[in-house]
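Peer 1: below are the sequence and a predicted model for it; my questions follow.
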Amino acid sequence: MHPTSSRLRALALTSSLLLTAHAPWLQASEGGVSSWPMGIELYGMGILPPPGTYAQVFVGNYLADSLRDDAGRRTARIDLRVTSVVPRFVWVTEQQVLGAQLGFHALLPLNDIRLNIQNGPHDHKRGIGDAHLGPVLGFHHSDKFHSALGVDFVLPSGGEYDKNDLINLGNHYYTVQAVYAMTYTDPQGFNADVRLMHDYNFENRATHYQSGRELHADYSLGWGVGNDWVIGVGGHAYQQISDDKCSVTDCAAAAQVQASDGHRGRSFSIGPAVQFSSKQGWSLSAKWQDESAVRNRAEGQTYWLKFTSAL
């Protein structure tokens, strides 16, 4: 693999908060959303690049038209649109820890959220979402097989929060996300990636609501067709693995959680994906993914663009 191409295809271990809409009428993991934008990562998500400083810009557009309940039935027709621009900076140090590269990353998303409920209210907000930051260790097992281990901290920095508003720019609670990612890459052959994540969500002090723990994975499969192109598919798998909770006895949500088996969410997505890595020091990837098997969450489709460059 060309050193520059490897460097650019590598930068995808941890990423951004692109979807942080909070809507009281949604279900599962308070507001029906998670700190992680499901399926955002693409090829090379388990490779940490050589020491240096890197910049990425993610552009995402999520469109949802329905809300699904415990049984997958549509409970409401909606028009939810979340557009995000997210700058992310990564610093890979010269330091070695346990035989791995040590790196750090930080990002702060800019979100535009529009929500209309059929025969109901609507809302629109634009501003800063919740920040992500954390350390990462990158392991290089061979020229083609790589892995990475990290912890992400999600900070409730998403502007002014009002529990009575239909949507908010941030979730208003802390999340700790454990991450393990693996990549097998071949510029002239098979490519496979998976990023496994476990989220622990702390209580939202404004609502006394605590979203359950979440287990999810981004994945991609592709084929290197030469000339620095990879073409294939990608998406996500998501399952909430513990119940939502409400810590006060008069919380209206508490009865709803108990009545619906903890409001545990679930979803799956797949769609086409493509990536180009130039020898001049940048890369561009694009994907579209459609959600299915959705429970207790909004159901829709997502478009992603990601631009990466060494600084």
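Peer 2: Sure, I can see it.
Peer 1: surely residue 243 meets residue 265?
Peer 2: No - here residue 243 lies out of contact with residue 265, judged by CB atoms under 8 Å, at a distance of 11.1 Å. Glycine gets a C-beta too; all of them are placed from N, C-alpha and C.
Peer 1: more neighbours, these two?
Peer 2: With neighbours defined as other CB atoms under 10 Å, residue 243 and residue 265 compare such that residue 265 has more, 27 against 16.
Peer 1: mind listing what's buried in stretch 162-170?
Peer 2: 166-170 (16 or more other CB atoms under 10 Å).
Peer 1: and that stretch, end to end?
Peer 2: Length of stretch 162-170, first residue to last, CA to CA, to the nearest Å: 10 Å.
Peer 1: and the longest strand along the chain, what's its mean pLDDT?
Peer 2: Using DSSP state E to define each element, the chain has its longest strand at strand 74-97. The average pLDDT within strand 74-97 is 93.
Peer 1: and what of stretch 42-59?
Peer 2: Here the average pLDDT along stretch 42-59 is 92.
Peer 1: now that stretch, how far from the centre of its chain.
Peer 2: 15 Å (CA atoms, centre = their mean, to the nearest Å).
Peer 1: circling back to that earlier point, give the next helix or strand downstream of the longest strand of the chain.
Peer 2: Downstream of strand 74-97, the first helix or strand assigned by DSSP states H and E is strand 100-107.
Peer 1: please name every helix or strand in contact with the longest strand of the chain.
Peer 2: strand 52-68, strand 100-107, strand 110-117, strand 298-310 (3 or more CB pairs under 8 Å, 6 or more residues apart in numbering; DSSP states H and E).
Peer 1: quick one: low-confidence ranges for this protein?
Peer 2: Along the chain, the parts satisfying pLDDT under 70 run over 1-32, 249-262.
Peer 1: one more pass at 80, please.
Peer 2: Scanning the chain for pLDDT under 80 picks out 1-33, 158-159, 247-263.
Peer 1: could I get the helices and strands packed on strand 74-97 as a markdown table with distance to residue 234 and mean neighbour count?
Peer 2: Output for the helices and strands packed on strand 74-97, formatted as a markdown table (distance: least, CB to CB, whole Å; neighbours: other CB atoms under 10 Å):
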| stretch | distance to residue 234 | mean neighbour count |
| --- | --- | --- |
| strand 52-68 | 14 | 18 |
| strand 100-107 | 20 | 20 |
| strand 110-117 | 22 | 19 |
| strand 298-310 | 9 | 20 |
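Peer 1: for those, give me JSON lines that also has distance to residue 272.
Peer 2: Formatted as JSON lines, the helices and strands packed on strand 74-97 follow (distance: least, CB to CB, whole Å):
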{"stretch": "strand 52-68", "distance to residue 272": "16"}
{"stretch": "strand 100-107", "distance to residue 272": "26"}
{"stretch": "strand 110-117", "distance to residue 272": "25"}
{"stretch": "strand 298-310", "distance to residue 272": "11"}
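Peer 1: so for residue 135, which of those strands sits nearest?
Peer 2: Residue 135 sits nearest to strand 100-107 of all the helices and strands packed on strand 74-97, at 5.4 Å, using CB to CB.
Peer 1: list the strands paired with the closest one, with their directions.
Peer 2: The strands that strand 100-107 pairs with in its sheet are strand 74-97 (antiparallel), strand 131-140 (antiparallel) (by DSSP bridges).
Peer 1: which of those strands sits closest to residue 288?
Peer 2: strand 74-97 (14.9 Å).
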